[in-house]
Every structure is written in C-alpha cells, then in structure tokens.
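>>> quick one: sequence and predicted model below, then my questions.
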Amino acid sequence: MPSYLHFGEDDFLRCRFAVSPLWETQEVARTLKRPDRHGYHAPWLRRIRTAAESLDLTGLWLLMPRRGHSPDWLCPPPVGPAAGFEEELAAVRAADPEAALADTARSLADTPGALDSPRARAWLADPDRMIRELSGVLEEIWHTLLAPDWPRLRALLEADVAFHSRRLAEVGLGGLMPEINRRCGWRAGTLTVASNGEHERHLGGAGLVLMPSVFSWPDVVSGFDPPWQPTLVYPARGIGGLWNDGAARSPEALVRLLGRGRAAVLGALGDPATTSALAHRLGLAPSSVSAHLTVLRDSGLLVSRRYGHQVLYERTPLGMALVSGGPQ
C-alpha cells in the first residue's frame, strides 16, 4: 500500500538529513526478529549472537508488527542532524505517559494476540512503568550490541548524507527522491512511497526529515504522525560491504605496490569513511591510518572533504581503478 506525503511551498525549505543512533538501536531489535533482513548483516549477527541471546526483547517485539503501526514515541525523529544516543534516549524517557499509552495501544492492536499478553496489560495499566521498561531495553541493546560498532556505522550513514546532500543540490528534491530508493516516486509536489503501511499527510510547513539507516533494509519507512516531524527512513548506500574486512579484499599486486597497510586502507574505502572509522574497521591504530591516508591522498588515490566536525575520505577514479584492477 502506498503512502503519500504532500509538500507545500514552505516544506521545501524545511527538508533536512539526520542520523539517529536511537533509530538504529530499535532497528537492530527488529532485524533480530526478521530473518529476511539478515543477509547483509550475517557476519555481524554471527559475532553478536551470544550477546543478543542474553537480552530479553520479547516485550519490544510486541510493538513491531510486520504490517501496521510502530509507536512514534519510542523512536521520535531526531531533533538535530547528529544527535547522540543519550540525548535521544532522554527524549524517550520524557515521553508524555498518556500520549505514549494511546500510541502503544494502537501498535499492540496491529500485532495478533499482543493486547492479551500479560506484559501488554501491565503496560496499559501503568504507562510510566512501560516507558521505564522500554527505554531500559533500548539502552541495553545500544550498549550491548551497537555502541562498539557505532563509529563504523556512523561513518557509513554520514557518507550517505554527504552523497545525497550533493545530489539534492544538483537535481533538487523531485529528482533526488527516486534516486534514494526505487520505492519512492515524485509527482506534482507529492512523494509516493511503496511501503508496508498506508499513510497520508499534508506536511503543512513541517518539512521532511530524510534519514538513512543501516538496519532498515530492505524497507523504506514513511510516517510519524503529529506532533512529530514527518520522516522518511531509507536503506543507506554501501551496506553490502559494511562488515567485510578491507584487508582481505586487497589484491596481492596492490599490496606489493602500496604495502599491506596502505592497500588495506584503500581497499576499505568502498564508501567514504573517517580516520577513526577506518581504524576501527581494520584494527589499526588511528595514527597509522592517518599516515596512510595522507600518503594515499598526496598520491592522487583519495580525496578528503569535511562533514561537520569530521573529515571523510573517498577514492578518486584512479584509486577505484587500482582496487578493481582495471579502468573505471
């Protein structure tokens, strides 16, 4: 069923990109529940399996129907472009109990049998307890499963934002939306999204938050009812190589030419990344990675550009050709 977001003149001025660690935390729980999402993340899922099994996610899963409403209060759109997890979680903990109660009841009704479960009945009788318990589960997921890999994930998400921000400047919003995902269509100021739920909203000057996600693949999520800002969540570029070891992809000829460290760094830049993200990904000291990046950039194999307070590195056409073993 399609969703429709209708833009007015002022809405074009209030479109923005954002990255949300809270959203990724919620989507990790959904991914663990849904085997159809496992493909791109299989190496990571194998690595965190024991830690994931130590968490009780059954309550959170009650609020994640395959088709239907998930509570907006549990993961509101981020207020800034790069809010921290603790800042976002504080907003969840400060949710209005009565509004959260109505939002949760709507979601439970979309999950067969959920309303009759003992946990759901306890939540509906005591929404303050519900907010405490669910925010606590999200905090556990973050610290246990996601925080150790967040530098790598954040770098990929920020690279997506940088890329699509450039495309927005080049082709405008109407040209960008079908590029972001094939499920998005644009016609006469209306964004149409082929999704699992039906949603229609006139933005009314609120604009739209565009939010890439690592763990939402293959879904595109549009929604968030007032008072939340309308949001479109879409799969980030480059997740296919997210969990690969860059060093393992370095051809031996490239190793002989550049040395193993520089070949590993160049090979790991399938998508733009920061020094810290590359160091985490490759298991190298940040100082070593920084030195390799400087040499590769000075040799014309990389370019660097600033995104907020961070510097992202990406391959030049020559760098791409060296990694692939042929011309691009």
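Perfect, I can see it now.
>>> Ala147 - how many residues pack around it?
14 (other Cβ atoms under 10 Å). Bear in mind the C-beta positions are built from the backbone N, C-alpha and C, glycine included.
>>> excluding chain neighbours, what is closest to it?
Phe85 (7.5 Å; Cβ to Cβ, 6 or more residues apart in numbering).
>>> what's the answer for Leu278, then?
Val289 (5.0 Å).
>>> measure that neighbour to Trp61 for me?
Here Val289 is placed at a distance of 39 Å from Trp61 (Cβ to Cβ, to the nearest Å).
>>> pick out whichever of the two has more residues nearby.
With neighbours defined as other Cβ under 10 Å, Val289 and Trp61 compare such that Val289 has more, 26 against 16.
>>> contacts only, for the residue nearest to Pro21 when sequence neighbours are not counted.
Leaving aside its sequence neighbours, Pro21 sits nearest to Phe85 (Cβ to Cβ, 6+ apart; 4.1 Å). Phe85 sits next to Pro21, Leu22, Thr25, Trp142, Ala147, Trp150 when contact means Cβ atoms under 8 Å, 6 or more residues apart in numbering.
>>> if I read this right, the residue nearest to Leu278 contacts Ala279, doesn't it?
Yes - counting by Cβ atoms under 8 Å, Val289 does reach Ala279; the two are 4.6 Å apart.
>>> so the residue lying closest to Ala18 once chain neighbours are set aside: helix, strand or coil?
Sequence neighbours aside, Pro78 is the residue nearest to Ala18 in space, at 4.6 Å (criterion: Cβ to Cβ, 6+ apart). Here Pro78 takes the coil state, with states given by DSSP: H, G, I helix; E, B strand; the rest coil.
>>> switch to numbering from 598
Done: numbering now begins at 598, and the last item shifts to Pro675.
>>> and the gap between Pro675 and Asp746?
In terms of Cβ to Cβ, Pro675 sits 19 Å off from Asp746.
>>> these two: which has the busier surroundings?
Pro675 (23 against 18).
>>> so who does the more buried one touch?
Contacts of Pro675 (Cβ under 8 Å, 6+ apart): Ala615, Val616, Ser617, Leu619, Trp620, Glu685, Val806, Met808.
>>> just the closest of these to Asn778, please.
Nearest to Asn778 out of the contacts of Pro675 is Met808 (Cβ to Cβ; 12.1 Å).
>>> and that closest one, how far is that from Phe614?
Taking Cβ to Cβ, one finds Met808 at 7 Å from Phe614.
>>> the two: who's more crowded?
With other Cβ under 10 Å as the criterion, Met808 and Phe614 differ in neighbour count, and Met808 comes out ahead with 25 against 18.
>>> name the helices or strands packed onto the helix or strand in which the more buried one is found?
For Met808, the host element (DSSP states H and E) is strand 806-810. If contacts are counted by 3 or more Cβ pairs under 8 Å, 6 or more residues apart in numbering; DSSP states H and E, strand 806-810 sits against strand 613-614, helix 618-630, helix 747-777, strand 828-832.
>>> mind listing what's buried in the second one?
Of the residues in helix 618-630, those buried under the neighbour-count criterion (16 or more other Cβ atoms under 10 Å) are Pro618, Leu619, Trp620, Glu621, Thr622, Gln623, Glu624, Val625, Ala626, Arg627, Thr628, Leu629.
>>> so what's the first one up against?
Think Pro618. Counting by Cβ under 8 Å, 6+ apart, Pro618 touches Ala680, Gly681, Phe682, Glu685, Trp739, Leu743, Trp747, Arg751.
>>> need those residues in JSON lines (columns: pLDDT, secondary structure and distance to Pro668).
As requested, the contacts of Pro618 are exported to JSON lines (pLDDT from 0 to 100; DSSP: H, G, I helix; E, B strand; the rest coil; distance: Cβ to Cβ, whole Å):
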{"residue": "Ala680", "pLDDT": "84", "secondary structure": "coil", "distance to Pro668": "19"}
{"residue": "Gly681", "pLDDT": "92", "secondary structure": "coil", "distance to Pro668": "22"}
{"residue": "Phe682", "pLDDT": "95", "secondary structure": "helix", "distance to Pro668": "18"}
{"residue": "Glu685", "pLDDT": "95", "secondary structure": "helix", "distance to Pro668": "15"}
{"residue": "Trp739", "pLDDT": "98", "secondary structure": "helix", "distance to Pro668": "18"}
{"residue": "Leu743", "pLDDT": "96", "secondary structure": "helix", "distance to Pro668": "20"}
{"residue": "Trp747", "pLDDT": "91", "secondary structure": "helix", "distance to Pro668": "24"}
{"residue": "Arg751", "pLDDT": "88", "secondary structure": "helix", "distance to Pro668": "25"}
